[in-house]
Structure formats: structure tokens, C-alpha cells
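>>> make a model of this:
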Amino acid sequence: MLKKYLKPASLPNQVSLAVLILRLSFGLLMIPHGYDKLQAFLAGKHDFPDPLHVSPMVSHGLTVFAEFFCSILLILGLFTRPALIILLGCMAIISFSIHGADPLGDKEHALLYLFAYLAIFLIGAGKYAVDAKIFK
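Residues are numbered from 1 along each chain as shown. Model (predicted):
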């Protein structure tokens with residue numbers, strides 16, 4: 001069951017190339033956000049929003065994991081769908097909880113990431129991904 005979930009769908013070359021471009025661009029664009037948060041986390045600066053009410057430090061750590069480490073997985077195409085579930089959750093929380101009362105312009109970036117991650121999740125990692133090699 002797990003192998004079926006992780007195995008990328010068989011896609012035409014053009015679609016796999018398009019998914020690769022999406023994975024690389026959105027993964028690479030998210031990494032600086034996560035890296036900045038990782039540096040603050042390692043420096044002990046945990047004055048961070050806590051929308052899940054698990055403590056600012058845990059919320060900070062979860063956000064670092066999503067934005068930095070899951071973005072690396074997305075770029076590699078490794079465990080793509082599980083990484084995307086985490087990224088989708090993170091972007092949903094940022095869009096609807098952190099920036100929920102803000103105007104659209106303030107939550108626009110998080111929404112763009114959210115919808116891009118959703119599209120990649122639905123399509124799959126494509127044939128140019130580590131998942132395609134591992135889960136044949």
C-alpha cells in the first residue's frame with residue numbers, strides 16, 4: 001500500500017518535465033525562507049507564532065522542518081507526496097491562520113505555494129525524481 005502511494009504515476013515526458021520545473025522552482029524558492037528560520041532556531045530565537053498551541057519552539061521547529069527539509073525532499077523528488085502533505089499543511093496554516101485576517105496581498109505568497117504544492121501532489125513527482133527510481 002505504501003509503495004503504491006509513493007510510486008510516481010507514469011506520465012508523458014512533457015508532463016514530467018513540467019513537474020520537475022515546478023518541483024525545482026518552488027522548492028528552491030522556499031528554501032531561503034526555511035533557512036532563515038533554521039538559523040534563528042539554531043540561535044535560540046523562538047519568538048515565533050504558535051497557531052497550533054504546541055509552544056513557539058515546537059511551532060518554529062515544525063516550520064523549519066517543512067520549509068527547509070521538506071523543500072529539499074521536494075527538489076530531489078524523494079518521498080515527494082509525504083513532503084508535500086507537510087508543506088501543504090504549513091502553507092494552509094500560514095494562509096488561513098497566521099494571515100487569516102490580513103488582506104489578500106499579505107497572504108498571496110503562501111496561497112501561491114499552497115496551490116502549486118497541491119498541483120504537484122495531485123500530479124506526482126514525475127519520472128525525473130528519485131521516487132521514480134526507488135519505487136519502480
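
>>> next SSE after the least confident helix or strand in the chain by mean pLDDT?
Every helix and strand of the chain was ranked by mean pLDDT, DSSP states H and E. The lowest is helix 2-6, at a mean of 65. Using DSSP states H and E, the helix or strand that follows helix 2-6 in sequence is helix 13-42.

>>> okay, now residue 79: neighbour count?
The local packing of residue 79 (other CB atoms under 10 Å) involves 20 other residues. To be clear about C-beta, it is placed using only N, CA and C from the backbone, and glycine gets the same treatment.

>>> just say helix, strand or coil for the closest residue to it other than its chain neighbours.
Once flanking residues are discounted, residue 79 sits nearest to residue 73: 5.4 Å by CB to CB, 6 or more residues apart in numbering. Secondary structure, DSSP: H, G, I helix; E, B strand; the rest coil: residue 73 is helix.

>>> hmm, residue 73 is touching residue 83, no?
Yes: taking contacts as CB atoms under 8 Å, residue 73 lies within contact range of residue 83: 3.9 Å.

>>> looking at those two, which one has more neighbours?
residue 83 (27 against 21).

>>> for the helix or strand harbouring residue 59, C-alpha coordinates in PDB please.
Here residue 59 sits within helix 56-64, counting by DSSP H and E. Output of helix 56-64 as PDB, limited to C-alpha atoms (Å, rounded to 0.1, in the frame of the first residue of the first chain):
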ATOM      1  CA  PRO A  56       6.600  28.700  20.000                       C
ATOM      2  CA  MET A  57       9.700  26.500  19.900                       C
ATOM      3  CA  VAL A  58       7.900  23.400  18.600                       C
ATOM      4  CA  SER A  59       5.900  25.600  16.000                       C
ATOM      5  CA  HIS A  60       9.200  27.100  14.900                       C
ATOM      6  CA  GLY A  61      10.800  23.700  14.600                       C
ATOM      7  CA  LEU A  62       7.900  22.300  12.600                       C
ATOM      8  CA  THR A  63       8.000  25.300  10.300                       C
ATOM      9  CA  VAL A  64      11.800  24.800   9.700                       C
END
